[in-house]
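Enquirer: turn this into a structure:
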Amino acid sequence: MHDVGRCGWCGTDPLYVAYHDTEWGVPEHDGRALWEKLILDGFQAGLSWITILRKREAFRAAFAGFDPEVIARWGETEVTRLLADPGIVRHRGKCEATITNARAFLDLGGPDAFADRIWAYVDSAPLQPDRPDLASVPGFTPLSEKLSKDLKKAGFRFCGPTITYAWMQACGLVNDHVTTCHRHAVLR
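Expert: Purely as a prediction, here's the structure:
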């Protein structure tokens, strides 16, 4: 397994390797799953992704399976509960943003409308930039800046261009597996 080419960011942690090999960069078309991943990418801001990955099941439990219809009705009582949960990242702004983002998600029309809207940014097909190494992978792009701006205009929070680009990569809107990675050609 160690001589399989991979993107260097995943290292050798078995959880990270499994995430890289089976999930990261795979085109996600389910609107609710896209929303969950956007929320988790927002929580990742300032932290490493492996931290969020290790806490993902606790996040799912704490946030009602990331059901936007449930979360949209939450208020201060639920924020207080979340801030006391050691299984998640306890950040008031990010917890409150999740509630705001649930409302914005529903205002946009829910899962199907959200997925259609997001995939329209890439004309319904993953971008294929053919990056030779990690140094050539940008932290954000003009497209992630536009998507970020549009999400913020729709009422979303914690979705700056860097978060949005990481989300685009994770959800397969852009194939940023480096060309020497065994996943690059599979997802081409």
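Enquirer: buried residues of the top helix by length along the chain, list them for me.
Expert: Longest helix of the chain, by residue count under DSSP state H: helix 92-107. By neighbour count on 16 or more other Cβ atoms under 10 Å, the buried set for helix 92-107 is 94-99, 101-106. No exception for glycine: its C-beta is placed from N, CA and C like everyone else's.
Enquirer: stretch 5-18 too?
Expert: Buried residues in stretch 5-18 (16+ other Cβ under 10 Å): 6-7, 10, 16-17.
Enquirer: residue 157 - how many residues pack around it?
Expert: 17 (other Cβ atoms under 10 Å).
Enquirer: correct me, but it touches residue 100?
Expert: Yes - with contact defined as Cβ atoms under 8 Å, residue 157 counts as touching residue 100 (5.4 Å).
Enquirer: what residues are up against the nearest residue to residue 157 once chain neighbours are set aside?
Expert: Closest residue to residue 157 apart from its sequence neighbours, by Cβ to Cβ, 6 or more residues apart in numbering: residue 97 at 3.8 Å. Neighbouring residues of residue 97 by Cβ atoms under 8 Å, 6 or more residues apart in numbering: 42, 156-158.
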